[in-house]
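[1] Pasting the sequence and the predicted coordinates here, then a few questions.
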Amino acid sequence: MRKTTLITGGAGYIGSHTSLALIDAGHNVLVLDNLCNSCRECIARLEYLAHTRIDFINGDICDSSLLADIFSRYDIDTVVHFASLKSVEESTLKPLDYYTNNVGGTLNLCRAMAHHGVFKLVFSSSATVYGDPVQTPILEDFGTGKPANPYGRTKLMIEELLTDLCNADPRWSIALLRYFNPIGAHESGLIGEDPHGRPNNLLPCLTQVAIGRLPELTVYGCDYPTVDGTCVRDYIHVVDLANGHLKALEVLQHHNGIHYWNLGTGIGYSVLQIIHSFEDITGITVPYRFAPRRLGDIAKCWADPSKAGRELGWRAQRGLEQMIIDTWRWQSCNPLGYQSSFEVPALIEVK
Ligand code: NAD
Ligand code: WQD
């Protein structure tokens, strides 16, 4: 049996791009996803892009008997763990669902891994674990802060429980990858971010306005102490992020213990800078209006990614223009996300 990398949440936005990067790099992957925020069509498109069939299980990380069955049937040596609920707003309304799914699901997964002698794990963490940072750019050794919502607290709890695991048993090697703000899509335009229901994040909201699915963009806050009064974030191309996972997997082969790395570009852009860049690049005007600050938002958040540079040999390659071109190609070729018909798009130049 071939060694297999289990990818939980591999049909989701970041998971699908990472699955493709892993397959392209020669990994044998098994995707486990309950499709609560994704769909089977994504796997079909991945198979098309990867020119291979993908082992896919429609199932839940909270289902221990399913995990036992999966770990017995496949020769899994590594797990890349994306599966999670991720809506900040929903987490404030349904905290039990978030703690059960994200924290409970991770506990379940780690139990199954340990039981089957699998000790290598890459975990999707988030810059949210820093809370409101004391200064920017954010370095890993600032330590974690106080996340502003239940979603963020699930990420911090999982980081802590994974750290405890490494301290208790030296066989574990775990990477906590702290993503900043992933945007963009695969350059084919065939896979991208397709949130179920109303989007929360800036780029899906912006592109849904541009495509006509939403009437206007709401900009939350214009009185922050930033360059133009709107919040500043570190947007990172999802393909660069996916490649960071490959680098982390390489390092875990030879270094046990807990590791944490910021995955960001090191550059911050304000909300208005994003809107205006989008308009310049696509030629489309985005109607927007200012609204009061959104609860829990912080003024500034961008990474110092130099630790990932030194220790992983990774840095983001794609700039904001590429991120916007690829986001827009995905959205305009797939106005209804994965419900749009499967057409192989030409590699369009947006301008
Ligand atoms: P996503 O919702 O697109 O992907 C998550 C996938 O996990 C979905 O396909 C969903 O169906 C699946 N899933 C959820 N619960 C599951 C369960 N119990 N069992 C099996 N599958 C389950 O989200 P994403 O943006 O791709 O995020 C991936 C990971 O990265 C998440 O852990 C998220 O918290 C983290 N993250 C995301 C961002 C971001 O802005 N997108 C930023 C930082 C961290
Ligand atoms: C970016 C900026 C908004 C929507 C969130 C999570 C974080 C991480 C990434 C998972 C903010 C503004 C947004 C809109 C707007 N996720 N905005 N109008 O809040 O930095 O991070 O996603 O781990 O944990 O908190 O990202 O894309 O929601 O917002 O003005 O319609 O865009 O106020 O300043 P955020 P975002």
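    Yes, it's here. Ligands and ions are numbered 1, 2, ... in the order given.

[2] Can you name the residues of the stretch 201-350 of the chain that neighbour ligand 2?
    Within the stretch 201-350 of the chain, the positions near ligand 2 by C-beta under 6 Å from any ligand atom are 201, 202, 205, 217, 218, 219, 220, 231, 233, 271, 294, 297. In short, each C-beta sits where N, CA and C put it, glycine included.

[3] and residue 157, what is it in contact with?
    By C-beta atoms under 8 Å, 6 or more residues apart in numbering, the contact list for residue 157 reads 99, 103.

[4] Using ChimeraX, make a named selection holding only the buried ones among the residues of the stretch 201-350 of the chain next to ligand 2.
    Of those, the buried ones go into a single ChimeraX selection, burial set by 16 or more other C-beta atoms under 10 Å:
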select :201,202,205,217,219,220,231,233,271
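
[5] Pretty sure residue 243 sits in a strand.
    No. Using DSSP: H, G, I helix; E, B strand; the rest coil, the secondary structure at residue 243 is helix, not a strand.

[6] Neighbours of it, how many?
    21 (other C-beta atoms under 10 Å).

[7] so what's it up against?
    Counted by C-beta under 8 Å, 6+ apart, residue 243 has contacts 21, 314.

[8] related to what we said a few turns ago, ok, which pair from the residues of the stretch 201-350 of the chain next to ligand 2 is furthest apart?
    Farthest-apart pair in those is 218 and 233; separation 16.1 Å (C-beta to C-beta).

[9] hmm, back to that, give me the subset of the residues of the stretch 201-350 of the chain next to ligand 2 lying in helices.
    202, 205, 271 (DSSP state H).

[10] Using a markdown table, lay out the residues you listed together with distance to ligand 1.
    As requested, those are arranged in a markdown table below (distance: C-beta to the nearest ligand atom, whole Å):
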| residue | distance to ligand 1 |
| --- | --- |
| 202 | 10 |
| 205 | 13 |
| 271 | 15 |
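
[11] got a markdown table for these, with pLDDT and distance to residue 196 too?
    A markdown table is the format used below for these (pLDDT from 0 to 100; distance: C-beta to C-beta, whole Å):
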| residue | pLDDT | distance to residue 196 |
| --- | --- | --- |
| 202 | 98 | 18 |
| 205 | 97 | 15 |
| 271 | 98 | 24 |
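
[12] Tell me the secondary structure at the residue lying closest to residue 339 once chain neighbours are set aside.
    Among residues not flanking residue 339 along the chain, residue 41 sits closest, at 7.7 Å (C-beta to C-beta, 6 or more residues apart in numbering). Under three-state DSSP, residue 41 falls in the helix class.

[13] isn't residue 41 right up against residue 338?
    Yes. At 4.1 Å, residue 41 counts as touching residue 338 under the criterion of C-beta atoms under 8 Å.

[14] Just confirm residue 328 contacts residue 282, I think it does.
    Yes. Residue 328 is in contact with residue 282 according to C-beta under 8 Å; the separation is 5.4 Å.

[15] So for these two, which residue has more residues nearby?
    residue 328 (24 against 20).

[16] quick check: domain ranges of this protein?
    If you go by automatic domain parsing, the domain ranges for the chain are 4-184+236-263, 202-233+267-339.
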